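Colleague: kindly return the folded structure for what I paste below:
(chains A and B)
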Number of protein chains: 2
Amino acid sequence: MFTRIDHVGIAVHDLEKSISWYETTFGLTVASREVNEEQGVREAMLFVADSPAGGSYVQLLEPTRQDSPVGKFLARNGEGVHHIGYGVDDVENALASIGAQGVRLVDQRPRHGSMGASIAFLHPKDTGGVLTELVQAAKR
Amino acid sequence: MFTRIDHVGIAVHDLEKSISWYETTFGLTVASREVNEEQGVREAMLFVADSPAGGSYVQLLEPTRQDSPVGKFLARNGEGVHHIGYGVDDVENALASIGAQGVRLVDQRPRHGSMGASIAFLHPKDTGGVLTELVQAAKR
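Modeller: So this is what the prediction gives:
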């Protein structure tokens, strides 16, 4: 079902400072920057590697408001891994298959994610404490 | 510096139960099982995808004793993402480069990791709250 580890989503207090740190320390480069008002995040995708199935990224997430999901996560946990995104070929099929296993879906239907992807989140209470995102990348 | 996201390390209470869940829900398959007495973990690598630079895995970690790093993590946080492992071509070179940026190293020198890899951990206090592992995979 999974074609790759698409990204690791990391909650940060200061996006620009964290981008600089990842660039300097690990040599990663920014592939895209976006603001997602619906999710209340300002984010950047930092390119890690490419594969036949698509790219892998570190996603840095800064909340645009304290009552957003990432804002609440930071208040509770501080900076750290917020979620894991796995690549899938067809996010609707993957959602149907996973939902049929009894996993609660945060998103019943795919919505717009970073870099034009169709994405959906699974409920962390049903996924061993790991907030899990399914990512169908935009066609290249 | 990074060649791929090598693995996502996830702390679990019951390894066999979690393996079954990942197999059934996401269709992943076990690539290896190991016990690392030094680290106090019983673990499994579940294959996600291959790439020219190496494989990507979900690593499930069950503590063999409560005072191990993963045992303490579980007591404090419950199940969830414990660390992120990034692939590198040469772990000694990567450690030297990252150490020169002022990042404290948990491991001054590489040690043995899963599946014959040479690995080293960076200190999460210097990496934005993300316990970060460098992984030089065994030659294929």
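Colleague: near chain B, which residues of chain A?
Modeller: Residues of chain A lying close to chain B (C-beta under 8 Å from any C-beta of the partner chain) are A:1-5, A:7-8, A:10, A:12, A:18, A:21, A:24-28, A:48-53, A:56, A:77-81, A:84, A:86-87, A:98, A:101, A:103, A:124, A:127-130. Just so you know, the C-beta spots here come from the backbone N, C-alpha and C atoms, and that holds for glycine as well.
Colleague: buried ones among those residues?
Modeller: A:1-5, A:7-8, A:10, A:12, A:18, A:21, A:25-26, A:28, A:48-49, A:51, A:53, A:56, A:79-81, A:84, A:86-87, A:98, A:103, A:124, A:127-130 (16 or more other C-beta atoms under 10 Å in any protein chain shown).
Colleague: now do the buried residues in the helix or strand encompassing A:N93.
Modeller: Using DSSP states H and E, A:N93 maps to helix A:91-100. Across helix A:91-100, burial judged by 16+ other C-beta under 10 Å covers A:V91, A:A94, A:L95, A:S97, A:I98.
Colleague: name the SS class of the spatially closest residue to A:D126 that is not a sequence neighbour, please.
Modeller: The spatial neighbour of A:D126 that comes closest, neighbours along the chain excluded (C-beta to C-beta, 6 or more residues apart in numbering or on different chains), is A:V103 at 4.4 Å. Classification of A:V103 using DSSP: H, G, I helix; E, B strand; the rest coil returns coil.
Colleague: again, but for A:H13
Modeller: Secondary structure, three-state DSSP: A:H13 is coil.
Colleague: strands along chain A, start to end?
Modeller: For chain A, the strands defined by DSSP state E occupy A:2-11, A:29-36, A:41-51, A:54-63, A:80-88, A:111-112, A:118-122, A:132-136.
Colleague: in a markdown table: these, plus mean pLDDT.
Modeller: Formatted as a markdown table, the strands of chain A follow (pLDDT from 0 to 100):
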| stretch | mean pLDDT |
| --- | --- |
| strand A:2-11 | 98 |
| strand A:29-36 | 97 |
| strand A:41-51 | 96 |
| strand A:54-63 | 97 |
| strand A:80-88 | 98 |
| strand A:111-112 | 94 |
| strand A:118-122 | 97 |
| strand A:132-136 | 98 |
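Colleague: for B:R140, which of these is the nearest?
Modeller: strand A:41-51 (15.8 Å; C-beta to C-beta).
Colleague: parallel or antiparallel, which strands does the closest one pair with?
Modeller: Applying DSSP bridges to the sheet, strand A:41-51 is found paired with strand A:29-36 (antiparallel), strand A:54-63 (antiparallel).
Colleague: gap between the longest one and the chain center?
Modeller: It refers to strand A:54-63. Here the centre of strand A:54-63 is set off from its chain's centre by 6 Å, with C-alpha atoms, centre = their mean, to the nearest Å.
Colleague: got the angle for it vs strand B:2-11?
Modeller: Between the axes of strand A:54-63 and strand B:2-11, defined by axes from the mean of the first three to the mean of the last three C-alpha atoms, to 10 degrees, the angle is 60 degrees.
Colleague: what's the angle from strand A:54-63 to strand A:80-88?
Modeller: Per the same axes, to 10 degrees, the angle that strand A:54-63 makes with strand A:80-88 is 150 degrees.
Colleague: just the first one next, same as before
Modeller: Here the directions of strand A:29-36 and strand A:80-88 differ by 100 degrees (the same axes, to 10 degrees).
Colleague: what's strand A:29-36 in contact with?
Modeller: Strand A:29-36 is contacted from outside by A:19, A:23, A:41-47, A:55, A:57, A:64, A:114-115, using C-beta atoms under 8 Å, 6 or more residues apart in numbering or on different chains.
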